[in-house]
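Visitor: I would like the atomic coordinates for the input below:
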Amino acid sequence: MLRLLLTLTTALLLSACSTLDYYSQLARGQLQLLNARQPVSALLTDAHTAAPLKQRLALTQQARDFASSQLSLPDNRSYRLYADIKRPFVVWNVFATEEFSLEPQLHCFPIAGCVAYRGFYQQGRARGAAALLKQQGLDTYIGGVEAYSTLGWFDDPLLNTMLRWSDERVVAVIFHELAHQQFYLPGDTAFNESYATFVEREGLRQWRQAQGLPSPSDNSDQQREAFSQLVLATRARLTTVYAQPLSVAAKRRAKQAEFTRLRQQYQQLRDEQWGGNGRFDGWIYSPLNNAKLLPFGLYDQWIPAFARLYDETQHSWPHFYQRVREIAQLAPAERQQLLAQLAAAPRT
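Guide: Now for the predicted structure:
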């Protein structure tokens with residue numbers, strides 16, 4: 001609680017009075033989450049705990065042990081606690097861009113640095129913030145989030161929002177969020193998320209091997225990658241459109257034409273290669289704008305670079321984390337150059 005108050009005080013000193021309400025809701029939301037926590041060990045021995053919940057919680061504790069013993073991730077009380085927050089998402093993130101730009105509206109915080117969104121613990125507040133931004137002529141998007149890391153400031157709990165996922169997805173997210181606790185570079189989202197996603201994927205591969213589980217038989221990862229590439233290609237074309245000396249009306253027509261093209265390409269991919277699997281239908285057929293494209297690419301931009309780095313450290317997790325810290329200390333341009341070199345190098 002003391003850490004929470006210190007963080008809030010620092011934030012308020014660095015902020016204008018107009019942001020007081022925003023930081024207050026962050027503090028209240030985090031406090032409510034902390035108060036809802038219960039030790040998983042107690043739930044596992046409680047006769048009143050439903051059997052399906054016990055089964056899922058037992059799995060998380062096996063993964064939690066594996067994360068520290070085999071992946072050298074922090075050994076603390078995070079994900080050894082459980083909180084049922086009685087809602088489908090823990091926070092809702094609001095993204096915003098100019099009408100003819102794919103540069104996000106950045107928000108800077110004392111701990112996390114600058115990020116491309118603002119988070120709200122209540123969906124109504126997120127919708128209200130998005131509505132105000134729309135009145136300013138900005139493109140906006142609201143994305144629900146099932147889990148996040150406080151970067152080791154608190155003992156992060158397992159959430160009911162996470163347990164809706166498959167067993168493998170729950171395990172992967174535990175690895176991902178603990179990787180953020182292991183290291184976090186304020187202000188560089190692509191670096192942080194690519195690093196944590198590599199730890200998640202390689203950790204999950206090692207988890208499957210240790211559990212004697214077969215490699216996934218479905219092609220969900222390939223579908224997700226193909227869909228991401230469609231969106232990134234659209235984003236690249238829109239960047240070109242916005243840079244052209246066109247009238248506002250012409251840019252709007254070109255913008256909508258690119259979104260139509262994206263939907264057509266997706267439909268062709270879905271029907272011809274995925275056997276009609278419409279896992280992304282909800283996203284693609286709801287309203288599209290610049291802000292909705294922002295999250296794509298952040299989580300996987302530098303995965304090949306971190307994979308190569310893992311090879312260079314002879315698959316030693318402690319040495320890998322040390323190299324991650326060293327690279328993070330480089331100037332941004334130098335860091336980007338090194339990551340690009342690592343990404344281009346073949347894996348051994």
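Visitor: Could you tell me the average pLDDT over stretch 158-175, please?
Guide: For stretch 158-175, mean pLDDT rounds to 94.
Visitor: meant to ask about stretch 89-96
Guide: pLDDT averaged over stretch 89-96 gives 96.
Visitor: for stretch 47-60, same thing?
Guide: pLDDT averaged over stretch 47-60 gives 97.
Visitor: Can you list the neighbours in contact with that stretch?
Guide: By Cβ atoms under 8 Å, 6 or more residues apart in numbering, the surrounding residues in contact with stretch 47-60 are 40, 43, 44, 79, 82, 158, 163, 167, 170, 171, 174. The way it works is simple: take the backbone N, C-alpha and C, and place the C-beta from them, glycine included.
Visitor: Which helix or strand lies directly C-terminal to the helix or strand harbouring residue 134?
Guide: Under the criterion of DSSP states H and E, residue 134 resides in helix 123-135. Once the chain leaves helix 123-135, the next helix or strand it forms, by DSSP H and E, is strand 139-145.
Visitor: Could you pull out the buried residues of that next one?
Guide: Using 16 or more other Cβ atoms under 10 Å as the test for burial, strand 139-145 gives 139, 140, 141, 142, 143.
Visitor: got those residues as TSV, with distance to residue 313 and pLDDT columns?
Guide: Below are the buried residues of strand 139-145 laid out as TSV (distance: Cβ to Cβ, whole Å; pLDDT from 0 to 100):
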residue	distance to residue 313	pLDDT
139	41	98
140	41	97
141	37	97
142	39	97
143	34	94
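Visitor: Just the buried residues of the contacts of stretch 47-60.
Guide: Judged by 16+ other Cβ under 10 Å, buried ones among the contacts of stretch 47-60: 40, 43, 79, 82, 158, 163, 170, 171, 174.
Visitor: ok, and for the helix holding residue 134, which residues are buried?
Guide: For helix 123-135, by 16+ other Cβ under 10 Å, it's 125, 126, 129, 130, 133.
Visitor: Grab the nearest non-local neighbour of the third one.
Guide: Going back to what we said before, that points to residue 129. residue 94 (5.1 Å; Cβ to Cβ, 6 or more residues apart in numbering).
Visitor: Contact partners for the one you found?
Guide: So residue 94 contacts 117, 118, 119, 120, 126, 129, 130, 133, 140, 141, 142 (Cβ under 8 Å, 6+ apart).
Visitor: ok, what's across the strand from the last one?
Guide: By that I understand residue 142. Beta-bridge partners for residue 142, by DSSP bridges, are residue 94.
Visitor: right, and it touches residue 96 too?
Guide: No. Using Cβ atoms under 8 Å, residue 142 makes no contact with residue 96, being 10.2 Å away.
Visitor: Quickly list what's touching both of those two.
Guide: Shared contacts of residue 142 and residue 96 (Cβ under 8 Å, 6+ apart): residue 130.
Visitor: Regarding this structure, what is its longest helix?
Guide: helix 248-273 (DSSP state H).
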